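Colleague: would you be able to build a 3D model of this:
(one chain, ligands or ions: 1)
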Amino acid sequence: MIASLENRKRLGQVFTPEKVASALVRWAIRRETDQLLDPSCGDGRFLALHRTSTGIELDPLNVALARERACRATVYGEEFFQWASKTSCRFEAAAGNPPFIRYQHFSGETRQLALKLAANLGVKINGLASSWASFLVVTAGLLKQGGRMAFVVPAEIGHAPYASPVVSFLCSRFTRVRIVAIRENIFAPLSEAAWLLFAEEFGGSTKFIELSLFDKFSAFTWTDKPTKKIAISSWQHEGSRLRKFLLPNYALSTYQSIARRSGVSRFGEIAHAGIGYVSGANDFFHLAPSEAKHLGISKDFLRFAIRRSRQLPAERVDRQAVKRWISQDEPMMLLYLNNSKKLPREVLAYLNSSKGQEVRRGYKCRHRDPWYEIPDVRVPDAFMSYMSGKKPSLVRNDEGCVCTNSVHAVFRKNGISVRAIQQAWSHPLVDLSCELEGHPLGGGMLKLEPGEASNVLIPINNPKVTASETEILKEATAEMRGWRNYA
Ligand SMILES: C[S@@+](CC[C@H](N)C(=O)[O-])C[C@H]1O[C@@H](n2cnc3c(N)ncnc32)[C@H](O)[C@@H]1O
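Modeller: Here you go, the predicted model:
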């Protein structure tokens, strides 16, 4: 019985390698008589490792597999939060791999109930949280006093804003909380990196998060000393980003010391990075020069646009770049009709073409009036690539181009010139800061959301940074690139 790929994705069905499952269960179980809970047991691979275990699973195919594989276990074919809301069972141990279902798909009644149960335990999980956050919190609430839990968690526990209340909750309810960061992807070849979470002695509390770092899964044992013991206050001071503590202590303190120097600003203090416009139908609203000519659409209604970051030259968008797009006949002229009193016949013909009839029924178009006027089309001072291999680029806009949401639109503040910002952007401090304030996206890529971009440190006024500090910044950048598997 094989579930469809679509179903597997919808339910976050990624199964844990046996060696990982057995390490988690071995740690969580202290006595033969301990009762083990796996709240999303899949095919029962965690349950089969202990004689008295209980599993919950939504997918009937997996329920059947789990019953077959773990024949001594009790397996409920139910939705976990429904089951949790009515059960009176309590457990000495919990272990598993909760589904990582992004908020767009973790919706409806299930999410409402999950958030409600988490709120009953004092955790406010925000609407952008992936499903694993509620699974962990609600599972903790089903432990007996002194109980333990060991789970696979996505590496985004190290940076996602919604993970912060979950980690705070765990520290307020367990005597020890340890997160094990593993550089190698334990789910290879899938791209979402996973770490491990161990929480011990439910009912206690701790002021520290323990963080252990490993290159490969096989290298770790729970009894090893934690690589680091991080005070919750230090973690909060770093924006609740455990990711920053992947750095050796001396490198993090060098970064923190440079951050306090005069001449160093946050990017958000000197510029604003926000998303570009969303047309709702890029292929319809962007024309190639030959197409515009053929349709007879005047250039008064067209704007040159950046549609993807690979279109950006290294330093600036200038006349040459635009000429190149024209000569390559690239579809990057935006049909910009905002505030036009009267649309010419040629434009109306295009809007009323069969393609136009179809496009206006799309989600974005049917929710705006008139459907062809695209909001937020502005001419930024610069563009920033926000998904990058090595480092986000910052490219000056010398030709009055606009941009879609495939890159960030950057507007300078306080009269600072774009050239000055660009010059500072090339400093090794920025390289490291992008790594620490941004986050890995899988496949070696780095992503910088607008809020993350605004936190990037930028040496705008020649702060003093010594040669040895510069070396440390460079080494630390290489270290962080290694953590996101950038080759
Ligand atoms: C990441 S898989 C883990 C399975 C297993 N624990 C393992 O690691 O091999 C998550 C499992 O949770 C199930 N699931 C998803 N949403 C659920 C829900 N709301 N209640 C119960 N099970 C759910 C999926 O069908 C899937 O089998």
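
Colleague: C-alpha from now on. contacts and neighbour counts both.
Modeller: Will do.

Colleague: share the number of residues neighbouring the residue of the stretch 301-450 of the chain found nearest the ligand, please.
Modeller: The minimum distance from the stretch 301-450 of the chain to the ligand, using Cα to the nearest ligand atom, falls at residue 442 (17.3 Å). A count of nearby residues for residue 442, using other Cα atoms under 10 Å, gives 16.

Colleague: how many neighbours does residue 434 have?
Modeller: 25.

Colleague: get me the contact residues on the stretch 1-150 of the chain for the ligand.
Modeller: For the stretch 1-150 of the chain, the residues in contact with the ligand (Cα under 6 Å from any ligand atom) are 11-16, 40-42, 45, 56-59, 79-80, 96-99.

Colleague: restricted to strands, list those.
Modeller: Judged by DSSP state E, the subset of those located in strands is 56, 96.

Colleague: now, which of the residues of the stretch 1-150 of the chain next to the ligand lie within helices?
Modeller: Assigned to helices by DSSP state H, the following of these qualify: residue 80.

Colleague: I'd like to know which of the residues of the stretch 1-150 of the chain next to the ligand are buried.
Modeller: Buried members of those, scored by 16 or more other Cα atoms under 10 Å, are 11-13, 15-16, 40-42, 45, 56-59, 80, 96-99.

Colleague: now do the phi/psi pair for the residue of the stretch 301-450 of the chain closest to the ligand.
Modeller: phi 90, psi 160 (degrees, to the nearest 10).

Colleague: test my guess that it contacts residue 185.
Modeller: No - using Cα atoms under 8 Å, residue 442 makes no contact with residue 185, being 9.6 Å away.

Colleague: now do the end-to-end distance for stretch 131-149.
Modeller: End-to-end distance for stretch 131-149, by Cα to Cα, to the nearest Å: 17 Å.

Colleague: whoops, I mixed them up, stretch 147-165
Modeller: 20 Å.

Colleague: repeat that for stretch 272-279.
Modeller: Using Cα to Cα, the end-to-end distance of stretch 272-279 comes to 21 Å.

Colleague: next, the residue in the stretch 101-250 of the chain positioned nearest to the ligand: secondary structure please.
Modeller: Residue of the stretch 101-250 of the chain nearest the ligand, by Cα to the nearest ligand atom: residue 110 (6.7 Å). With DSSP: H, G, I helix; E, B strand; the rest coil as the basis, residue 110 sits in helix.

Colleague: tally up the residues packed near the closest residue to it other than its chain neighbours, please.
Modeller: Nearest residue to residue 110, sequence neighbours excluded (Cα to Cα, 6 or more residues apart in numbering): residue 81, at 7.0 Å. When counting by other Cα under 10 Å, one arrives at 25 neighbours for residue 81.

Colleague: give the contact list for residue 81.
Modeller: Neighbour list for residue 81: 110, 113, 114, 117, 138 [criterion: Cα atoms under 8 Å, 6 or more residues apart in numbering].

Colleague: what's the neighbour count on the first one?
Modeller: Residues within reach of residue 110, counting by other Cα under 10 Å, total 15.

Colleague: gap between it and residue 80?
Modeller: To residue 80, residue 110 is 9 Å away according to Cα to Cα.

Colleague: now swap in the second one and tell me
Modeller: Residue 113 sits 10 Å away from residue 80, taking Cα to Cα as the criterion.

Colleague: again, but for the last one
Modeller: Using Cα to Cα, one obtains 9 Å as the distance from residue 138 to residue 80.

Colleague: what secondary structure does residue 212 sit in?
Modeller: Under three-state DSSP, residue 212 falls in the strand class.

Colleague: err, residue 151, not the other one
Modeller: Assignment for residue 151 (three-state DSSP): strand.

Colleague: wait, what's in contact with it?
Modeller: 24, 95, 96, 97, 98, 196, 197, 198.

Colleague: was I right about the second one contacting residue 25?
Modeller: Yes - in terms of Cα under 8 Å, residue 95 counts as a neighbour of residue 25; the distance is 6.2 Å.

Colleague: ok, the closest residue to residue 15 other than its chain neighbours - contacts?
Modeller: Among residues not flanking residue 15 along the chain, residue 42 sits closest, at 7.3 Å (Cα to Cα, 6+ apart). For residue 42, the contacting residues are 13, 15, 57, 59, 62, 63, 65, 66, by Cα under 8 Å, 6+ apart.

Colleague: so who does residue 177 touch?
Modeller: Neighbour list for residue 177: 170, 171, 197, 198, 199, 200, 206, 208, 209, 210 [criterion: Cα under 8 Å, 6+ apart].

Colleague: any idea how far residue 180 is from the residue of the chain most remote from its centre?
Modeller: Ranked by distance from the centre of the chain (Cα atoms, centre = their mean), the top residue is residue 345, with 45.6 Å. Computed as Cα to Cα, the residue 345 to residue 180 distance reads 64 Å.
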